[in-house]
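In: have a look at this prediction, sequence included:
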Amino acid sequence: MFCKECQYNLHALPESRCPECGRAFRKNDPTTFDTHVPGPVAKAKRKYGRHINAAIIISLSVLVLQTAIRIEVGNVRAGGFLPRKDLSTMPLGANPKWRWIPFDTPARWLEWYGPKDAKGQPVNRALTAAEQQRMQTDIRLFRHRNHLRWLVSTWGVLQYPCVFVLLPASLRFYVTGKTRRGKTLGTGGTIVAVACAILMLYRGYFSSLGS
Ligand SMILES: [Zn+2]
């Protein structure tokens with residue numbers, strides 16, 4: 001038997017404390033000592049494992065939190081597009097999918113919404129002040145919606161695995177954390193993961209995405 005802390009050989013010791021580093025152990029409890037000297041991987045894991053876990057929790061927390069905030073800000077700018085539209089109020093046959101809006105440049109906007117003659121053909125004339133205003137408002141809104149759609153389909157996709165890795169990782173860190181800092185980190189990670197998971201599921205990022 002060897003000390004878990006310093007690998008000192010504890011065999012045939014009269015006391016139940018490592019003479020080298022002072023770590024306590026119980027002869028009849030194999031979880032309190034090592035049965036053989038750990039290999040280099042196990043040693044490194046013991047030494048750096050918690051640091052690596054902490055780094056993972058911190059980076060995942062930052063990633064999911066900033067994604068959630070960016071999506072919320074984007075949603076406000078896009079005129080509150082999320083959560084998805086209430087499908088029950090949509091006309092029959094309407095497609096509930098949220099597609100890319102191509103009319104986010106003046107040229108494309110004019111093609112679709114510009115002045116038309118009685119036959120529906122585009123008329124080449126200058127826009128009135130009200131039309132100019134409407135064009136600018138539309139373009140701004142369409143750009144925000146396209147940006148939100150991009151955000152949701154890129155970082156928003158990543159949000160799903162990240163949140164569900166962060167949650168067990170930080171919970172485990174909280175439970176096994178021995179130091180105050182470890183507990184705080186575990187608690188923080190858990191709160192971030194739960195908050196982001198609720199937002200994510202409530203927003204239903206993808207249910208409304210179309211191609
Ligand atoms: Zn020891």
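Out: Received, thanks.
In: that's a helix at residue 132, yeah?
Out: Yes - under DSSP: H, G, I helix; E, B strand; the rest coil, residue 132 sits within a helix.
In: please report the distance of it from residue 155.
Out: From residue 132 across to residue 155, the span is 34 Å (Cβ to Cβ, to the nearest Å). Placement of C-beta: from N, CA and C, glycine included.
In: which residue sits closest to the residue most central in space within the chain, ignoring its sequence neighbours?
Out: By Cα atoms, centre = their mean, the mean C-alpha position of the chain lies nearest to residue 64, the distance being 2.6 Å. Nearest in space to residue 64, with sequence neighbours left out and distances taken as Cβ to Cβ, 6 or more residues apart in numbering, is residue 196 at 4.5 Å.
In: chain center to the helix or strand hosting the one you found, what's the gap?
Out: Assigning secondary structure by DSSP states H and E places residue 196 in helix 180-203. For helix 180-203, the separation from the chain centroid amounts to 10 Å (computed by Cα atoms, centre = their mean, to the nearest Å).
In: give the buried residues for it.
Out: By 16 or more other Cβ atoms under 10 Å, the buried positions in helix 180-203 come out as 182, 185-186, 188-190, 192-193, 196-197, 199-200, 203.
In: cool, stretch 31-38 as well?
Out: Neighbour-count burial for stretch 31-38 flags 32, 33, 34 (criterion: 16+ other Cβ under 10 Å).
In: pLDDT at the first one, what is it?
Out: Just to be clear, that refers to residue 32. Confidence at residue 32, expressed as pLDDT, is 88.
In: these two touch, right, it and residue 24?
Out: Yes - between residue 32 and residue 24 there is a contact under Cβ atoms under 8 Å: 7.2 Å.
In: just the C-alpha atoms of stretch 106-119, please, in PDB.
Out: The C-alpha coordinates for stretch 106-119 follow below in PDB (Å, rounded to 0.1, in the frame of the first residue of the first chain):
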ATOM      1  CA  PRO A 106     -31.900  48.100 -51.600                       C
ATOM      2  CA  ALA A 107     -31.700  46.400 -55.000                       C
ATOM      3  CA  ARG A 108     -33.400  43.200 -53.800                       C
ATOM      4  CA  TRP A 109     -35.900  45.100 -51.700                       C
ATOM      5  CA  LEU A 110     -36.900  47.200 -54.800                       C
ATOM      6  CA  GLU A 111     -37.400  44.100 -56.900                       C
ATOM      7  CA  TRP A 112     -40.000  42.700 -54.500                       C
ATOM      8  CA  TYR A 113     -41.500  45.700 -52.700                       C
ATOM      9  CA  GLY A 114     -40.700  48.500 -55.100                       C
ATOM     10  CA  PRO A 115     -43.300  50.500 -57.000                       C
ATOM     11  CA  LYS A 116     -45.300  48.500 -59.600                       C
ATOM     12  CA  ASP A 117     -47.700  49.400 -62.400                       C
ATOM     13  CA  ALA A 118     -51.300  48.100 -62.800                       C
ATOM     14  CA  LYS A 119     -49.900  44.900 -64.400                       C
END
